[in-house]
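> Any chance you could fold what I've pasted below:
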Amino acid sequence: QLVAIQAIGALVLGLSASQLGVVQASILLPALFLMLPAGVTAENNDGRKILIWAQALAFFPALFLGILTLTKWITFPHLIMYGLLIGALGSFVMPARDALLSHIVDNAKIQRAVNIALSLQFTGMLCGMVVVSGADFVDIGWMPILQAVVYLIAAYVSARLPKNLANTPKKMTSLGKTIPEMIDGIRISFAHKDIAPVLLIQFGISICFIGMFMVILPLFVRDYYGGGAGDIALLNMLFWVGTIVAMVTLIRLGLIPAVGKMLLGGVSTGLLIVGALAVPKPFWALACLCVVWGIAAGCSMSSGRTIIQNRAPDSHRARILSVYQFSFMGGAPFGALLTGLVADRFGVHAAPLFSMAVMGVILLSVGIFSQLRFVRLSEDELENVEATTRLDSSAD
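Numbering: from 1, shown residues only. Below is the predicted model of the structure:
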């Protein structure tokens with residue numbers, strides 16, 4: 001999906017930077033409204049059933065997108081509608097999937113489990129990008145149809161998971177009960193001295209980096225290098241190859257205690273890479289930057305998710321994970337739109353400078369005003385979130 005949507009928008013429809021930003025924003029926008037209630041839903045219901053239904057329903061928009069592309073009926077509004085539907089379903093999949101991990105693996109082994117899960121996820125993404133790279137020889141419309149089939153396979157695999165993996169057997173049917181739980185999850189997340197700075201950094205990444213990746217890279221290929229779908233797929237593949245290399249290396253190294261410094265280091269490296277995108281360069285240099293960017297992203301994603309998984313209590317883990325996912329994706333629609341607008345107004349090589357400046361301010365603020373750089377984990381350090389926040393009545 002990541003590469004196919006870029007290729008359909010940039011190459012088949014010939015969209016402008018701002019239009020491509022709107023398409024990417026439509027995929028990310030539903031998370032703004034659905035990610036937090038989805039976290040409460042995942043916490044109080046069988047996560048297995050959520051995965052089955054959401055992935056089975058995702059079959060239909062992917063199938064229709066493929067048919068419309070093959071028949072040449074695809075239009076800009078069709079891409080937006082697809083994005084909204086697939087984004088809404090994905091909002092329910094992610095917190096349910098992430099919360100299931102803590103039911104299977106204890107906290108002492110959560111960092112390794114997170115790295116393995118992310119490695120498998122990115123390997124799957126890489127396989128998809130390899131397939132899409134064949135769009136220079138096969139109609140790109142077949143890619144969403146293949147994606148639809150994969151969704152059905154995913155629904156079947158989800159059905160093979162253990163049943164009733166919910167923290168509580170009681171199902172939440174009242175909106176009046178769901179909203180206070182959402183607010184409670186947000187309150188705990190931002191009151192925690194270790195979780196809050198991670199959320200701020202992830203929000204900055206969603207605004208400054210995701211737009212670069214989803215909007216600027218395909219425009220570089222089309223407008224500056226004169227490439228096609230295969231070149232877009234190659235850059236995406238190299239990024240995720242770097243991410244997988246980082247994950248595999250972290251798995252082999254075992255427990256990395258200084259997760260706070262690893263997060264800050266990974267984001268700082270990504271900041272430098274984004275700045276380097278503003279300099280015109282040969283295609284091979286851009287490809288090398290994508291690999292390094294992927295390695296940095298792998299380190300920051302692993303460390304950030306590990307901090308959240310380790311610090312969040314069982315009673316609030318799905319909600320806090322949904323807040324984390326919300327912070328990671330919440331700014332992405334605006335980032336994609338802003339990136340497209342800046343690129344249209346000042347050129348594709350000027351947009352990275354804007355993102356670099358904004359992310360630099362966020363990163364500097366977190367580094368100075370938080371204790372994130374001192375966060376360390378160990379086998380026996382299973383800190384309870386209530387012990388590190390002032391949420392009790394006496395503190396109030």
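> Which helix or which strand is home to the closest residue to V323 other than its chain neighbours?
Once flanking residues are discounted, V323 sits nearest to S189: 4.4 Å by C-beta to C-beta, 6 or more residues apart in numbering. Every C-beta, even on glycine, is put in place using the N, C-alpha and C of the backbone. Secondary structure from DSSP states H and E places S189 in helix 175-191.
> And that helix, what's buried?
By 16 or more other C-beta atoms under 10 Å, the buried positions in helix 175-191 come out as 178, 181-182, 185-186, 188-189.
> which of the residues you listed lies closest to D344?
Comparing the buried residues of helix 175-191 against D344 with C-beta to C-beta places I186 closest, at 34.6 Å.
> what's around V130, how many residues?
The tally of other residues near V130 (other C-beta atoms under 10 Å) stands at 13.
> Skip the chain neighbours and tell me the closest residue to it.
With C-beta to C-beta, 6+ apart, the residue lying closest to V130 is M237, at 6.6 Å.
> what's downstream of the helix or strand hosting the one you found, the next helix or strand?
Assigned by DSSP H and E, M237 belongs to helix 229-253. Scanning forward in sequence from helix 229-253 by DSSP H and E, the next helix or strand is helix 259-277.
> what's downstream of that following helix, the next helix or strand?
Next helix or strand after helix 259-277 toward the C-terminus (DSSP H and E): helix 283-311.
> how big is the angle separating the helix or strand following that next one from helix 283-311?
Per DSSP H and E, helix 283-311 leads on to helix 317-330 as the next helix or strand towards the C-terminus. For helix 317-330 against helix 283-311, the angle by axes from the mean of the first three to the mean of the last three C-alpha atoms, to 10 degrees is 150 degrees.
> residues touching S365, list them.
For S365, the contact set (C-beta atoms under 8 Å, 6 or more residues apart in numbering) comprises L200.
> What helix or strand is it located in?
Using DSSP H and E, S365 falls in helix 351-369.
> Who's the closest spatial neighbour of G254, skipping the chain neighbours?
Nearest to G254 is R112, by C-beta to C-beta, 6+ apart, at 7.2 Å.
> what helix or strand is the one you found on?
Element membership for R112, per DSSP H and E: helix 110-132.
> Centre of the chain to that helix, how far?
12 Å (C-alpha atoms, centre = their mean, to the nearest Å).
> rewinding a little: okay but the residue nearest to G254 is in contact with V248, surely?
No: taking contacts as C-beta atoms under 8 Å, R112 lies outside contact range of V248: 11.8 Å.
> so where's the stretch 151-300 of the chain uncertain?
164-178, 255 (pLDDT under 70).
> Touching, I256 and M262? I think so.
Yes: with contact defined as C-beta under 8 Å, I256 reaches M262; the gap is 6.0 Å.
> Overlap in contacts, these two.
Contact criterion C-beta under 8 Å, 6+ apart; residues shared by I256 and M262: S303.
> Quick check: buried residues in the helix holding S365?
Neighbour-count burial for helix 351-369 flags 351-352, 354-356, 358-360, 362-363, 366 (criterion: 16+ other C-beta under 10 Å).
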